[in-house]
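Engineer: what follows is a predicted protein model with its sequence.
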Amino acid sequence: MIAPAGKRAFALLFREFFSQLFTTESSLTDHQLRQAMIGVFVFVITPGFFLPLQLGAPMEFASLANPALLEALTRLLAAIFLAYSMVAIGVIAAFEWDALAFDRRDAMVLGSLPIPGRTVVAAKASALGAVLFIAAAGINGLTAVTFSFVATSHASVIATARLFVSHVVATTAASAFVFCSLVTIRSAVGLFGRGRVVIGSLLQFALISALFCFLIFAPTAVRMEFPRRGAAVHTVGVHMQSIPAWSPTNWFAALYNLLRGTASAGEMRQAGVALAATLGSALAAIAAIVAGYRQQLRLALGPPASTGVVAAARIPRALARVLAGGSRPARAIADFILTTLARSRAQQAPIAINAAIGVVMIVLDVYRTRGGADAVVHLSAAWSPLPLMAAFWMAVGVRASFFVPSELRAAWTFRVNAVDAPGARHAAIRAAMFAMIVPVAAAAALVLCARLGWGDMLRQATVVALAVMVLIELLAWSVAFVPFTRLYEPGHARLKTRWPLYLIGAYAFSDRFVAFERVCWAPPWRFAALLIGLAASVIALDVAARRRAEPHLSDAFQEGLPSVEPLSGLGLASVTPHLGAGG
């Protein structure tokens, strides 16, 4: 039995841990954060409602024309919804990555309180379980309702109810398996003290890419072919995409069929594996949470953590300092930008999301070739648009991260030390983006041209590098402040309001530019003119950005900063408060 004081402590900790999953230091207000989280949930949940309706035509055709095909379609679509449930819950867990386990600050605050450790761990596990229940109910409940009615439109009410229950149980078990596995990974990473930020961003990038690819390609999993008018053979073909044997989706698909009463002898064992995996992942998550809490209590009494990820970014930082030139303020700002990007997931999230969009567009571009030899040629062509597509979305993501206000206090340091000059700021921004994106794009171009000669490889890498530098100059022009140090401006750096411009820009920067490059590739004088034009554009944009006139202080900070006026005859400066209109 838990004492009343223990119950009150548990309830209080549960509320705090649950609210911690929906708070972030880069969010200015709770209302703004709730809007963002609601948008994520709606984006993830909505496809699960419409996808069964979109795939309802093959189900209706099978139930009327060929009832024997209905069971195969039901199995396939159940596996698709299981994969959707696993990927969607993984995306939500990736966005909550930092709050999935205890950190050093939790241990420093809770370790000094007279609260038993089991109460703290129980409250944390309960908060995570509540988030899992809410997310799984939203994702799987909608798909269960629509899919059960679509798949059993000509069956009894009992069959519909049984399919509904089977869908909810199997998909929730799959969601719990993925969520608990990510909690275990997050706690295990925290035990070693390194890699938490990088692994979280990589998982976020991978899961978002998988979700986008799933939403695009899931409707093509079932394809129907009807005979043409006048054809000799009047047969209707139904093509279904098979699930790989190694996929864990097969475990939960077997559990799905077992609950429906249609499991084969081999699926009985796989259903047992699904139950064991779910229970094992839950126990492993609880054990990892306990071990993580104890480890954080020990770390709270020890020295601060090592630089870790920041030290791993020393090569881009060194390159950015060189590219920033001889200006010390520019080198300092560039180092600040890359250091913040390396250690803060608030800035890495926009990069991961936009990079995932780039991956989806690359997959779509490759999918147009229908695989086979055409895809190999497309990937290894000297004028492949894939490096430019990846660089475009990565650059857009980096620019979007600049608008995340996670280092507002640093604004005063830059302004008080008078290093926030427009020229130095632009040089730092372009240097940081050059150091991050240009080497990656050039290396991707070299890899894709590996089948060609060294001359073509170097030519393509040079063109890609110069084109990406032009893109970075254009994006750096739009950032008129030190990144991460200004409050949000409505309508800025939001993909949901400017996605048509981004899509047009991605198409122009990749496919259209590659088509122009193809025209200039063979004649030497055309290729030389292309390189000279790109280099001249980089120089012209940089010079124009450095010389453009703009106020040194934005209006938002001008109202709150003191004004400095010299005292006549003393050679000193007097600091007087700059009052607003109401002063």
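Structural biologist: That came through fine.

Engineer: tell me the mean pLDDT over stretch 456-466?
Structural biologist: What stretch 456-466 shows for mean pLDDT is 89.

Engineer: residue 343: how many residues sit nearby?
Structural biologist: 16 (other Cβ atoms under 10 Å). C-beta: built from backbone N, CA, C; applies to glycine.

Engineer: where are the low-confidence patches of the stretch 51-200 of the chain?
Structural biologist: Low-confidence segments of the stretch 51-200 of the chain, defined by pLDDT under 70: 53-58, 62, 65, 68, 192-198.

Engineer: what about the helices in it?
Structural biologist: Using DSSP state H, counting those that start in this stretch, the helices of the stretch 51-200 of the chain run over 56-65, 67-95, 104-110, 117-151, 157-192, 196-217.

Engineer: tell me the spacing between residue 430 and residue 438.
Structural biologist: The spacing between residue 430 and residue 438, counted by Cβ to Cβ, to the nearest Å, is 10 Å.

Engineer: those two: which is more packed in?
Structural biologist: Neighbours were counted for residue 430 and for residue 438 using other Cβ under 10 Å; residue 430 has more, 27 against 22.

Engineer: any figure for the gap between that one and residue 266?
Structural biologist: For residue 430, the distance to residue 266 - Cβ to Cβ - is 59 Å.

Engineer: likewise residue 450?
Structural biologist: Noted for residue 450: a distance of 43 Å to residue 266, by Cβ to Cβ.

Engineer: which regions of the stretch 301-450 of the chain sit below the pLDDT cut-off?
Structural biologist: Looking at the stretch 301-450 of the chain by pLDDT under 70, you get 301-312, 367-383, 418-420.

Engineer: could you check how many residues crowd around residue 257?
Structural biologist: Other residues within reach of residue 257, judged by other Cβ under 10 Å, total 23.

Engineer: same deal with the one 3 residues further on?
Structural biologist: A count of neighbours around residue 260, defined by other Cβ under 10 Å, yields 19.

Engineer: give the contact list for the closest residue to it other than its chain neighbours.
Structural biologist: Of all residues not flanking residue 260 in the chain, residue 166 sits nearest, at 4.7 Å (Cβ to Cβ, 6 or more residues apart in numbering). Listed by Cβ atoms under 8 Å, 6 or more residues apart in numbering, the contact set of residue 166 reads 256, 259, 260.

Engineer: what pLDDT does the second one get?
Structural biologist: To tie it back to what came earlier, the one meant is residue 259. On pLDDT, residue 259 comes in at 90.

Engineer: for the first one, same thing?
Structural biologist: Confidence at residue 256, expressed as pLDDT, is 90.

Engineer: residues contacting the helix or strand harbouring it, please?
Structural biologist: Assessed by DSSP states H and E, residue 256 sits inside helix 249-260. Applying Cβ under 8 Å, 6+ apart, the contact partners of helix 249-260 are 75, 78-79, 82-83, 86, 162-163, 165-167, 169-171, 173-174, 177, 243, 263-264, 267-271, 273-275, 277.

Engineer: please save the CA atoms from that helix in CSV.
Structural biologist: The C-alpha coordinates for helix 249-260 follow below in CSV (Å, rounded to 0.1, in the frame of the first residue of the first chain):
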residue,chain,number,x,y,z
THR,A,249,5.7,-6.6,-39.0
ASN,A,250,5.2,-10.3,-39.7
TRP,A,251,5.2,-11.1,-35.9
PHE,A,252,2.4,-8.8,-35.2
ALA,A,253,0.6,-9.7,-38.4
ALA,A,254,0.6,-13.3,-37.1
LEU,A,255,-0.9,-12.0,-33.8
TYR,A,256,-3.5,-10.1,-35.8
ASN,A,257,-4.5,-13.3,-37.7
LEU,A,258,-4.5,-15.3,-34.5
LEU,A,259,-7.0,-12.9,-32.8
ARG,A,260,-9.1,-13.0,-35.9
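
Engineer: now distance to residue 288 too, for the helices of the stretch 51-200 of the chain, in a markdown table please.
Structural biologist: As requested, those are arranged in a markdown table below (distance: least, Cβ to Cβ, whole Å):
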| stretch | distance to residue 288 |
| --- | --- |
| helix 56-65 | 41 |
| helix 67-95 | 14 |
| helix 104-110 | 15 |
| helix 117-151 | 10 |
| helix 157-192 | 3 |
| helix 196-217 | 13 |
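
Engineer: out of these, nearest to residue 442?
Structural biologist: With Cβ to Cβ, the closest approach to residue 442 among the helices of the stretch 51-200 of the chain belongs to helix 196-217: 20.7 Å.

Engineer: hang on, the earlier thing: so what sits against both of residue 430 and residue 438?
Structural biologist: Shared contacts of residue 430 and residue 438, defined by Cβ under 8 Å, 6+ apart, are found at residue 472.

Engineer: what distance separates stretch 315-328 from the centre of its chain?
Structural biologist: 28 Å (Cα atoms, centre = their mean, to the nearest Å).

Engineer: buried stuff in that stretch?
Structural biologist: Within stretch 315-328, the residues that count as buried by 16 or more other Cβ atoms under 10 Å are 316, 317, 319, 320, 321, 323, 324, 327.

Engineer: roughly how far apart are the fourth one and residue 209?
Structural biologist: When Cβ to Cβ is the yardstick, residue 320 and residue 209 sit 27 Å from each other.

Engineer: quick check: residue 485 is in a helix.
Structural biologist: No: applying DSSP: H, G, I helix; E, B strand; the rest coil, one finds residue 485 to be coil, outside a helix.

Engineer: ok, it touching residue 404?
Structural biologist: No: Residue 485 lies out of contact with residue 404 (Cβ atoms under 8 Å); the separation is 10.3 Å.

Engineer: where along the chain do the strands fall?
Structural biologist: Secondary structure of the chain (DSSP state E): strands located at 222-225, 237-240, 563-567, 572-576.

Engineer: drop anything exposed from the contacts of helix 249-260.
Structural biologist: Judged by 16+ other Cβ under 10 Å, buried ones among the contacts of helix 249-260: 75, 78-79, 82-83, 86, 162-163, 166-167, 169-171, 173-174, 177, 243, 263, 267, 270-271, 274, 277.

Engineer: return the distance of residue 88 relative to residue 140.
Structural biologist: In terms of Cβ to Cβ, residue 88 sits 9 Å off from residue 140.

Engineer: give the buried residues for stretch 528-542.
Structural biologist: Under the neighbour-count criterion of 16+ other Cβ under 10 Å, stretch 528-542 has 530, 534, 537, 538, 541, 542 buried.

Engineer: could you dump those to TSV with pLDDT and distance to residue 299?
Structural biologist: As requested, these are arranged in TSV below (pLDDT from 0 to 100; distance: Cβ to Cβ, whole Å):
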residue	pLDDT	distance to residue 299
530	92	55
534	94	50
537	93	50
538	92	46
541	89	47
542	87	45
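
Engineer: please consider this matter closed, and thank you.
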